[in-house]
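# everything below, folded, please.
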Amino acid sequence: GRLGLLETLRQFALARLLAQGFAEAWRRRHADHWREVATAAWARTRSADQLDWFERMDADHANLRAAIEWLLEHDEPEPAGQMAAGLWWFWNTRGHVDVGLGFLRRLADRSSELSPETRCTVFTALAQLEFEGGEIDSSLGHGERAVEEARRIGDDRLLAFALLYWANTAAHNFGLFDEADAGYDEALELAKGLDDAWLVAWLQLNKGWTTRLRGRYGPAAQLLESAWEGFNDRGILVGRAWAETGLGALHAHRGELAEAERWVRRAIDGHESLGAKGGQIFDRSALAQILQATDRHQEAVEQLAIARDLDEQVTRNSALDLVSSRIFRQAGDLRAAFESLAAEDALPPTDVFFRFELGLLAAATGLPGVAGTFLVPAKASLDDTYEELSSISSGEFEVAMAAIEQALDGPVPTDEWLEGSADWATLAEDALH
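Reported below is the predicted structural model:
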């Protein structure tokens, strides 16, 4: 096992170094050593021995953070940026999103002092970590800057990564599927030209996810299965686990719930073995929905509780609030459903998925006017951009709309919008009482 100095001994040793004038030289050697480790981590945390390296990075995270901090304090943003460029995949996988964002934003503020290559990677990393943290507007903007920087440099590998993470945000959060597909396809061609098997598989995985969202199940299955084989053949656990998550989601939306559950449980095992908290949150919320759909409500609630505990340890994932609301609403626990949507840091009422779920919940709580005001425009947005989700949501939408029109004894007032969250929250709270 690892040996560590007691904090008091560490402070004593540092005081002695300061007294003898050696502290700065020691800190320089410390920063140089951990910069070498961090730059090596980028390749090693994407290799077959990634688990050992993830554990090493976690064990040495305090040293790594201290080294970056020291470099920034001493006006050395370039080596600090090189460290962040090596560590962001570790931060993303192991749930240290807030730590990564903190350093990357400070580096972005000093982007003019960075080399073009480091600046490009900082913007790419910011795009992905902001995507994970739900900060979609800034994620898209940083992704665009990364793509522009990579094109300016003329570096195919940097461009492929920048296109990948820009396309994820463009497709998943803005419904820009055609533009995202073009980005994925360009990046795939670049990755194949570089003979980078990991990057090819990772692009296939991400394009498979967005292809599934468009309801194109056949091509999505081919991409996800190819990605799974590529990662499995090379022992890349994190890629394999996310491919299993994608295959589980694909089977779930096809209505093949037993097969979906098998894949999602495999993904949970993989993400657990890696200590990948973000993956576990997604997998357990997906499993909760499968369990709810197969009339295992208590098991679904247990999975939500595990996901919530993990969620408290990383950046808040507001999508979990929507999953929770849906499951509790379907089980008839309207109070718990409402509390999920009203949670601190929940998605804003302008989010299309929030509006749709809120409309269904309002219909269930006897608020037909509120329900129609949110449901009709939300369904139109889903029809325009999220083909798969639109088809899945159609059944619940039609039932809710029939009940709303019956309650209103006429058409739904679609031209009236409730501004902000206070109105719907007050009305729903009154209805629940």
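
# okay, CA-based contacts and neighbour counts for the rest of this
Noted.

# measure the residue nearest the centre of the chain to Gly208 for me?
Centrality entry for the chain: nearest residue to the mean C-alpha point is Glu132, 3.0 Å, by C-alpha atoms, centre = their mean. As for Glu132, its distance to Gly208 is 18 Å (criterion: C-alpha to C-alpha, to the nearest Å).

# cool, and Ile68?
Using C-alpha to C-alpha, Ile68 is found at 36 Å from Gly208.

# what does Leu188 give?
In this structure, Leu188 and Gly208 are separated by 12 Å, where distance is defined by C-alpha to C-alpha.

# comparing those two, which shows the higher neighbour count?
For Leu188 against Gly208, the residue with the higher neighbour count under other C-alpha atoms under 10 Å is Gly208, and the figures read 28 against 24.

# distance-wise, check the residue nearest to the centre of the chain relative to Ala162.
Glu132 sits 15 Å away from Ala162 when distances are taken as C-alpha to C-alpha.

# repeat for Leu361
Using C-alpha to C-alpha, we find Leu361 at a distance of 39 Å from Ala162.

# those two: which is more packed in?
More crowded of Leu361 and Ala162, by other C-alpha under 10 Å: Ala162, with 30 against 25.

# isn't that one right up against Arg151?
No. The criterion here is C-alpha atoms under 8 Å, and Ala162 misses it with Arg151 at 9.7 Å.

# for stretch 267-276, which outside residues touch it?
51, 54, 93-95, 237-238, 240-245, 277, 279-280, 283-284 (C-alpha atoms under 8 Å, 6 or more residues apart in numbering).

# and stretch 285-292, what's buried?
Counting neighbours by 16 or more other C-alpha atoms under 10 Å, one finds that the buried residues in stretch 285-292 are 285-292.

# how far off centre is that stretch?
On the basis of C-alpha atoms, centre = their mean, to the nearest Å, stretch 285-292 sits 18 Å off its chain's mean C-alpha point.

# shift numbering so it begins at 143
Got it, first residue is 143 now, which makes that one stretch 427-434.

# need the residues that contact that stretch.
For stretch 427-434, contacts defined as C-alpha under 8 Å, 6+ apart pick out 391, 394, 399, 402-403, 406-407, 439, 441-446, 449, 462, 465, 469.

# buried subset of these?
391, 394, 399, 402-403, 406-407, 439, 442-443, 445-446, 449, 462, 465, 469.

# so for the helix or strand containing Ile410, what gets flagged as buried?
Using DSSP states H and E, the element containing Ile410 is helix 399-416. The neighbour-count check on helix 399-416 (16+ other C-alpha under 10 Å) flags 399, 402-403, 405-410, 412-413, 416 as buried.

# same check on stretch 187-205?
Within stretch 187-205, the residues that qualify as buried are 187-190, 192-193, 195-197, 199, 203, 205, counting by 16+ other C-alpha under 10 Å.

# quick check: of the buried residues of stretch 427-434, which lies closest to His175?
Distance ranking of the buried residues of stretch 427-434 against His175, using C-alpha to C-alpha, places Ser427 first at 40.1 Å.

# ok, Glu454 - how many residues close by?
Glu454 has 10 neighbouring residues, counting by other C-alpha under 10 Å.

# what score does it have for pLDDT?
Glu454 is assigned a pLDDT of 74 by the prediction.

# could you give the average pLDDT over stretch 234-244?
For stretch 234-244, the per-residue pLDDT averages 92.

# cool, and stretch 423-441?
For stretch 423-441, the per-residue pLDDT values average out at 93.

# chain center to the helix or strand Ala204 falls within, what's the gap?
In this structure, Ala204 sits in helix 203-215 according to DSSP H and E. Shown here is helix 203-215, whose average C-alpha point lies 25 Å from the average C-alpha point of the whole chain (C-alpha atoms, centre = their mean).

# buried residues, it. List them.
Of the residues in helix 203-215, those scored as buried under the neighbour-count criterion (16+ other C-alpha under 10 Å) are 203, 205-207, 209-214.

# stretch 389-399 too?
Within stretch 389-399, the residues scored as buried using 16+ other C-alpha under 10 Å are 389-395, 399.

# avg pLDDT for it?
Averaging pLDDT along stretch 389-399 yields 92.

# count of neighbours near Asp375?
11.
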